[in-house]
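K.L.:
give me a model of this one.
(one chain, ligands or ions: 1)
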Amino acid sequence: MSSLEPFGARLRRAMDERGALCVGIDPHASLLAEWGLNDDVAGLERFSRTVVEAMADRVAVLKPQSAFFERFGSRGIAVLEKSVAQARAAGALVVMDAKRGDIGSTMAAYAETFLHKDSPLFSDALTVSPYLGYGSLSPAVALARESGTGLFVLALTSNPEGGEVQHAVRTDGRNIGATMLGHLAAENAGEEPLGSFGAVVGATLGDLSSYDLDINGPLLAPGIGAQGATAADLPAVFGSAVRNVVPNVSRGVLRHGPDAGRLRAAAERFAEEIRAAVGAV
Ligand SMILES: O=C(O)c1cc(=O)[nH]c(=O)n1[C@@H]1O[C@H](COP(=O)(O)O)[C@@H](O)[C@H]1O
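P.N.:
Okay, the predicted model is just below:
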C-alpha cells in the first residue's frame, strides 16, 4: 500500500504551523437546535459543513465524533464521509473519534474502515479502546504503520467514571492507565520527531505527576470548555509532556455557531490561551 508520511510527523508539523488545538465536530441535538437547524440529516449536513468550512484551513486537527453521525444511519455516515474528505482536502488532520475496540480479527475490520487509504471513511487517526486487552489492537497498530496513520488509545479518560477501570491496580503494582501508557511508549520508541501512537488523557484529571506521560507520542486531551478544564490547567496536568498535548474543545467552540466568524473567533481564543499556557512551560 502506498503510504503517507507517518501520522506523528504530520501532526508535529501541523501543530508547529497551526498550533495544537483540536476542534471537535460534535453535532449534539441540542446544538442543532441552538443553531436553528432541524434534528435531521439536512441539519447534520449543514452543521458539519459549517464547522469544516470555518475551521479546516486553520486548525491542526478536527475530530468528528462518529456517534452523532451514526445516529442518522447510512445517510449520517454519508455526511461523515464527506466531512472527513473536505476537512482533509482543506489541510486539517482528521482524528476519527469512534472509540473502537474488539477482538483482534474484528478489530482488523474496524482498522480497515478508518485507516485503509481506499476506505470512504479514511482518516488520519482513530480513537480506540484497549479494554479488550492492548494486544487486541495490534491489527490497527499494524495497519496504521502501513498507511501512515495513527491511533489514540484511551488511557486516562476525562470522565469521572473512568477511574474504576483505569486506576485499578494490577498484581505488579502498576495501574491500568499507566500500563497503557507503557505500551504506547514502547510502540513509539525511536520515532522522530514524534510517534504515531497517542494516548487519550483528560485535561480534567488534575496532577498526573505519578504517571510517565513521556510516551514520545501525542496526548489527546479532551475536557477543556464544557467539561470544566481550561487551557491554563494544561502545564499542571501534563508537566514536561505538555508540548505533545493536543487539546480538544468541542462544545466550547461549537456553541458560538452558526456564524463562521464567531466560531473562528472562539477557536482563536482557545488557541491563544493554549499557546500562552504551553509557551510558558
Ligand atoms: O476520545 C475522546 O475524544 C474523548 C475521550 C475522553 O476521555 N473524554 C472525552 O470527552 N472525549 C471526547 O471529546 C469530546 C469532548 O467534547 P466537549 O466536552 O464538548 O468539549 C467528545 O467528543 C467526547 O466523546
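
K.L.:
what about the longest helix in the chain?
P.N.:
If you go by DSSP state H, the chain has its longest helix at helix 260-279.

K.L.:
by contact count, what packs against that one?
P.N.:
Using 3 or more C-beta pairs under 8 Å, 6 or more residues apart in numbering; DSSP states H and E, the elements in contact with helix 260-279 are helix 41-55, helix 234-238, strand 245-249, helix 251-254. From N, CA and C alone the C-beta is placed, and that goes for glycine too.

K.L.:
if you set the cut-off to 7 Å instead, what comes out?
P.N.:
The helices and strands touching helix 260-279, judged by 3 or more C-beta pairs under 7 Å, 6 or more residues apart in numbering; DSSP states H and E, are helix 41-55, helix 234-238, helix 251-254.

K.L.:
where do the helices sit along the stretch 1-150 of the chain?
P.N.:
Taking DSSP state H, counting those that start in this stretch to define them, one finds helices in the stretch 1-150 of the chain at 7-18, 29-34, 41-55, 67-70, 73-89, 104-115, 138-147.

K.L.:
just say helix, strand or coil for the spatially most distant residue from the centre of the chain.
P.N.:
Here the centre of the chain is the reference, and by C-alpha atoms, centre = their mean the most remote residue is Thr171, at 30.9 Å. State at Thr171, reduced to three classes by DSSP: H, G, I helix; E, B strand; the rest coil: coil.

K.L.:
just the pLDDT for it.
P.N.:
As predicted, Thr171 sits at a pLDDT of 96.

K.L.:
who's in contact with it?
P.N.:
Residues in contact with Thr171 (C-beta atoms under 7 Å, 6 or more residues apart in numbering): none are found.

K.L.:
make 36 the first number, not 1, from now on.
P.N.:
All set: I'll call the first residue 36, so the last point we hit is now Thr206.

K.L.:
and it, how close does it get to the ligand?
P.N.:
26 Å (C-beta to the nearest ligand atom, to the nearest Å).

K.L.:
near the ligand, which residues of the stretch 136-285 of the chain show up?
P.N.:
162, 192-194, 235, 237, 257, 260-262, 283-285 (C-beta under 6 Å from any ligand atom).

K.L.:
can you tell me the closest non-neighbouring residue to the residue of the stretch 86-235 of the chain found nearest the ligand?
P.N.:
Proximity of the stretch 86-235 of the chain to the ligand (C-beta to the nearest ligand atom) peaks at Thr192, 3.1 Å away. Using C-beta to C-beta, 6 or more residues apart in numbering and skipping the chain neighbours, the partner closest in space to Thr192 is Gly237 (5.6 Å).

K.L.:
what about the one you found, neighbour count?
P.N.:
26 (other C-beta atoms under 10 Å).

K.L.:
tell me who's in contact with the closest residue to Ala224 other than its chain neighbours.
P.N.:
Computed as C-beta to C-beta, 6+ apart, the closest residue to Ala224 that is not its neighbour in sequence is Asn251, at 6.8 Å. Asn251 makes contacts with Ala220, Asn223, Ala224, Glu226, Leu229, Gly230, as judged by C-beta under 7 Å, 6+ apart.

K.L.:
wait, what's in contact with Thr184?
P.N.:
Thr184 neighbours (C-beta under 7 Å, 6+ apart): Phe42, Leu150, Asp159, Ala160.

K.L.:
thought the last one was touching Ser182?
P.N.:
Going back to what we said before, that points to Ala160. No. If you go by C-beta atoms under 7 Å, Ala160 and Ser182 don't touch, sitting 10.6 Å apart.

K.L.:
more crowded one of these two?
P.N.:
Ala160 (29 against 23).

K.L.:
could you measure the residue nearest to Gly260 when sequence neighbours are not counted against the ligand, distance?
P.N.:
Leaving aside its sequence neighbours, Gly260 sits nearest to Gly287 (C-beta to C-beta, 6+ apart; 2.2 Å). Going from Gly287 to the ligand by C-beta to the nearest ligand atom gives 6 Å.
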